[in-house]
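Asker: Mind folding the following:
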Amino acid sequence: MQIPRGDGSTLIRLRRGATLADFAEKIDVNPASLVTVLFHLGEMATATQSLDEGTLEALGAELGYAIEIVSPEDEDRELLEDFNIDLDAEIAAETDEDLEDRPPVVTVMGHVDHGKTKLLDAIRKTDVISGESGGITQHIGAYQVHHEHEGEARAITFIDTPGHEAFTAMRARGARVTDIAILVVAADDGVMPQTIEALNHAQSANVPVVVAVNKIDKDGANPDKIRQQLTEYNLVAEEYGGDTMFVNISALKGIGVDQLLEAVLLTADAGLDLRANPDKDARGVAVEAHLDKGRGAVATVLVQSGTLRVGDAMVVGTAHGRVRAMFDEHDQPVEEALPARPVQVLGLASVPNAGDSFLVAEDERTARQIGEKREAAERAAQLASRRKRISLEDFTQALEAGKVDTLNLIIKGDVSGAVEALEDALLAIDVGETVELRVIHRGVGAVTQNDVNLATVDNAIIIGFNVRPAERVQEMADREGVDMRFYSVIYRAIEDIEAALTGMLKPEYEEKQTGSAEVREVFRSSKWGTIAGSIVRDGVIRRGAKARISRDGVVLGEMDIDTLRRFKDDVTEVRDGFECGIGLGKFSDIAEGDLIETFEMVEIPRTK
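Answerer: Coordinates of the predicted model:
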C-alpha cells in the first residue's frame, strides 16, 4: 500500500506513548506498512507497542510529517472533553453573581529547624473554635483554623509542606495551590538555602509572602538583620517602604501568632480576589493520600471550587470512586465541603498521587471511565519512556565514550508525597553522562509480586521507603535475584543511590533476616507489658535480637526482642513452626496479623 507523504510541514498531533497504529490512523494507512518503514530505519516495533518521542519524530521526518507530542495537560483536557467536561468553559461562564467569598489558602514554608512545625502547633492552639493542637511530620497536611478579625470569626486554610530539602517537589506543589505563603525565618539563624528555595517557589507561583521572623525570644536574635537580608530577594518590609508584612513571633511561647494571622487576613483582603462558585460540581486537588488498613484509600483533598458532598462520584488522577465519608482535620464527619475546605475522603478504589487534580463526575461509571482512560494514557507514556531506543550512530558513540549504564528503580512508600519527593531527589543526583537513572514505576503500599515481576523484566532495583514486602515477595525476589532495599530515613536512600551511581558504593554491613513470626493473639500483662502471642513462620526468633514490626507491609517501628517465652518458660530462641510469646519492651502498638521480623547486621567485604 502506498503511504501518503507530507510536505515536511504537515502537522500530526500524537499523545505520549502513541503506537504505530495511532500514527497510521492519523494518515489513514495500514499499520503494517509503518512497521516496515520503521524497520528500514533500524527500529523494530509492533503496531501496538508504545513508542518514545524520538522514534515517532524520526518516522515522521522520513514520511514528511512534523510530529507534535501533546502535553499531558492538553491530553487530559481533550480526554475530559470526550466526556463533555470543559473546565475552561466552566470558569469562563461564571459571573460575579455566581462567586462567593472563600477563606485564603496559606502555605507555611521555610528552612528546616526554623520553627515551622512549632508555628503550626501554635496556630492550632489559637483556633477560636476548636482549640485543637498537634504536630505535623514529613507528610503534607491540610487543616482549617478560625481567627477573630474585625469582630468576625474568619476561616484560614493551612497547607503544611515539609522543610527537608528532599521534599522540594511537595513544597513546590504547596505553592501552586496556595493563595499566600508564610515564610518562616529564624531570627538567630538568618536566611538559609531552603529559605531561598521556598521563596523562589512562592515567587514563581506569583504568591504574596508574609514573613514570620521566629525565635525572637532567643539570645542572639536579630529580626532587623532578617529584614535586611530579605531585601536582596525583593521582599521589602513595610517599615522600609515596601509592601511585604513582617511579623516578629516566638512560636514556642505563642508570641505574635495572633498578629501573624491578622497579617495573613489583611494581605488577603488587600490584594487578592478570593472568591469561588460553590454551586457546581466540586473541583480541586489532592494534597496527600495513603492506604489505611481499616478504611482503604484515604485522600486529603482541597476543594478549590464547587461543593463536594458525601455520595458524589469523583475521580482523582487515575483513582476513582464514590465519596463514602468525609472527615475534617479533627476526624469529625463532614457532609459537604465548600471552596478552600480541606477534607479527608474515603471511597476511592485506589490511592491517587499527591498533587493530582480531582473533579466530580456525573456518575460513578463516568468517573471510572475517566480514571481508566487516564491510567491507560499514563501506562502508554511509561512504556514509551522505558523503551530503550539506540541507533547504530548512538551505539558507536556509546562505544567511543565508554559503556552507557542505566540504573532502573522501582520506588514504593507509605504515602504518595514521600514517594514523589524521593523520586525527585534521586533524579536530581548529578552523575555525569556515563550513567543514566530511570524510575520505571512508583507506588504506595507494600512491595508486591507485580513489582518484583517488573523489576525482573527491566533489571531494576526496588527501593522501599517505610514499607516492607508483602507475603512471599521476599522469597520471590531472592529466587529471581531482584535487589530490594528498604529505608526509613530518606537521606540514607539518596546517599546509597548516589554512591552506587558514582561507582563508589562501599557497604560495610548488610541486613540479614534471621526469622519472622506472625502475631496470632495479643495479651496485656501488668508485669510483662504487651505480649504478642505468635507463631514462628521461618528461621529462628532469638531473645535480644533486633526486630522490626510491620502491618500490611508498612513498618510500625524497630526495637529489640525484650522477652521470649514458651508457655511459662523463658527461652533464648524459638524455631520455625513453634508458638511463643514475644515481648517488645515498651512498644505496645501490636495487633493480630502483624509481622515481626528479626535481623542482624552482617559485615560484608567492600567491593568496587
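Asker: Could you tell me the end-to-end distance of stretch 262-281?
Answerer: End-to-end distance of stretch 262-281 (Cα to Cα, to the nearest Å): 32 Å.
Asker: again, but for stretch 461-471
Answerer: 19 Å.
Asker: cool, and stretch 59-68?
Answerer: Distance across stretch 59-68, first residue to last, is 12 Å (Cα to Cα).
Asker: what's the distance between that stretch and the middle of its chain?
Answerer: With Cα atoms, centre = their mean, to the nearest Å as the basis, stretch 59-68 stands 37 Å off its chain's centre.
Asker: Mind listing what's buried along it?
Answerer: Along stretch 59-68, these residues count as buried under the neighbour rule (16 or more other Cβ atoms under 10 Å): 59-60, 63, 65, 67. For glycine as for every other residue, the C-beta is placed from the backbone atoms N, C-alpha and C.
Asker: Repeat that for stretch 25-32.
Answerer: Buried-residue list, stretch 25-32, by 16+ other Cβ under 10 Å: 27, 29, 31.
Asker: Need the residues that contact it.
Answerer: The contact list for stretch 25-32 (Cβ atoms under 8 Å, 6 or more residues apart in numbering) reads 1, 3-4, 12-14, 19-21, 23-24, 47, 63, 65.
Asker: Just flag the most distant two among the residues you listed.
Answerer: Largest separation among those by Cβ to Cβ: M1 and R13, giving 23.1 Å.
Asker: Those two: who's more crowded?
Answerer: R13 (14 against 7; other Cβ atoms under 10 Å).
Asker: How far off centre is whatever helix or strand that one lives in?
Answerer: Per DSSP states H and E: R13 is located in strand 10-14. The chain centroid and the centroid of strand 10-14 are separated by 34 Å, computed with Cα atoms, centre = their mean.
Asker: buried residues in that strand?
Answerer: Within strand 10-14, judged by 16+ other Cβ under 10 Å, the buried ones are 12, 14.
Asker: CA atoms of it as PDB?
Answerer: Output of strand 10-14 as PDB, limited to C-alpha atoms (Å, rounded to 0.1, in the frame of the first residue of the first chain):
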ATOM      1  CA  THR A  10       2.100  18.800   7.700                       C
ATOM      2  CA  LEU A  11       1.400  18.500  11.500                       C
ATOM      3  CA  ILE A  12       0.400  15.300  13.200                       C
ATOM      4  CA  ARG A  13      -0.600  15.500  16.900                       C
ATOM      5  CA  LEU A  14       0.000  12.400  18.900                       C
END
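Asker: Find the residue at the geometric middle of this protein.
Answerer: Per Cα atoms, centre = their mean, the C-alpha nearest to the average position across the chain is that of G417, at 1.9 Å.
Asker: so that one makes contact with A354?
Answerer: Yes. At 3.9 Å, G417 counts as touching A354 under the criterion of Cβ atoms under 8 Å.
Asker: So G529 sits against S588, correct?
Answerer: Yes. Contact criterion Cβ under 8 Å: G529 and S588 qualify, at 6.7 Å.
Asker: biggest strand in this protein by residues?
Answerer: The strand that spans the most residues within the chain, counting by DSSP state E, is strand 509-525.
Asker: Would you list the strands that the strand holding R13 pairs with, along with their directions?
Answerer: Here strand 10-14 has these sheet partners by DSSP bridges: strand 65-69 (parallel).
Asker: re earlier: now, which of the contacts of stretch 25-32 sits nearest I541?
Answerer: Nearest to I541, judged by Cβ to Cβ, of those is T19 at 52.4 Å.
Asker: For the closest one, give me phi and psi.
Answerer: Phi and psi for T19, reported as degrees, to the nearest 10, are phi -110, psi 170.
Asker: So, low pLDDT: which residues of this protein?
Answerer: 1, 126-140, 160-176, 385-405, 431-435, 501-509, 603-608 (pLDDT under 70).
Asker: Now find how far off-centre the lengthiest helix in it is within its chain.
Answerer: Looking across the chain with DSSP state H, the single longest helix is helix 364-386. In terms of Cα atoms, centre = their mean, the centre of helix 364-386 is found 19 Å from the chain centre.
Asker: And stretch 583-603, by the same measure?
Answerer: Offset of stretch 583-603 from its chain centre (Cα atoms, centre = their mean): 27 Å.
Asker: Kindly report the same for stretch 511-522.
Answerer: Remark: stretch 511-522 is offset 30 Å from the chain centroid, using Cα atoms, centre = their mean.
Asker: list the buried ones in it?
Answerer: Buried residues in stretch 511-522, defined by neighbour count with 16+ other Cβ under 10 Å: 514-517, 519.
Asker: what does stretch 558-575 give?
Answerer: 561-565, 571, 573-574.
Asker: ok, now stretch 459-477?
Answerer: Neighbour-count burial for stretch 459-477 flags 460-470, 473-474, 476-477 (criterion: 16+ other Cβ under 10 Å).
Asker: one step back: quick one, which of G529 and S588 is more surrounded?
Answerer: Each of G529 and S588 has its neighbours counted (other Cβ under 10 Å); G529 has more, 16 against 10.
Asker: Closest one to A142 out of the buried residues of stretch 511-522, please.
Answerer: The closest of the buried residues of stretch 511-522, once distances to A142 are taken by Cβ to Cβ, is V519, at 33.9 Å.
Asker: what bridges to the closest one?
Answerer: V519 has these beta-bridge partners by DSSP bridges: S534.
Asker: Can you name the residues in contact with the strand holding R13?
Answerer: Residues from elsewhere that reach strand 10-14, judged by Cβ under 8 Å, 6+ apart: 6, 22-23, 26-27, 56, 60, 64-70.
Asker: In strands, which of the buried residues of stretch 25-32 appear?
Answerer: Using DSSP E, none of the buried residues of stretch 25-32 sit in strands.
Asker: Mind picking the one among these that's closest to L51?
Answerer: P31 (11.9 Å).
Asker: Phi first, then psi, for K280.
Answerer: According to degrees, to the nearest 10, K280 has phi -160, psi 180.
Asker: My guess is it contacts S305. True?
Answerer: Yes. Judged on Cβ under 8 Å, K280 makes contact with S305 at a distance of 6.9 Å.
Asker: Neighbour count for those two, which is higher?
Answerer: Taking other Cβ under 10 Å, K280 and S305 do not tie; S305 has more neighbours (25 against 15).
Asker: Specify the beta-bridge partners of the residue lying closest to the more buried one once chain neighbours are set aside.
Answerer: Closest residue to S305 apart from its sequence neighbours, by Cβ to Cβ, 6 or more residues apart in numbering: A276 at 4.5 Å. Taking DSSP bridges as the rule, A276 bridges to E100.
Asker: quick one: contacts for A276?
Answerer: 99-100, 102, 304-306, 339-340.
Asker: again, 10 Å this time
Answerer: Residues counted as contacts of A276 (Cβ atoms under 10 Å, 6 or more residues apart in numbering) are 94, 98-102, 283, 303-307, 338-340.
Asker: same question, G6
Answerer: Shown in contact with G6 (Cβ under 10 Å, 6+ apart): 12, 27, 60-61, 63-66.
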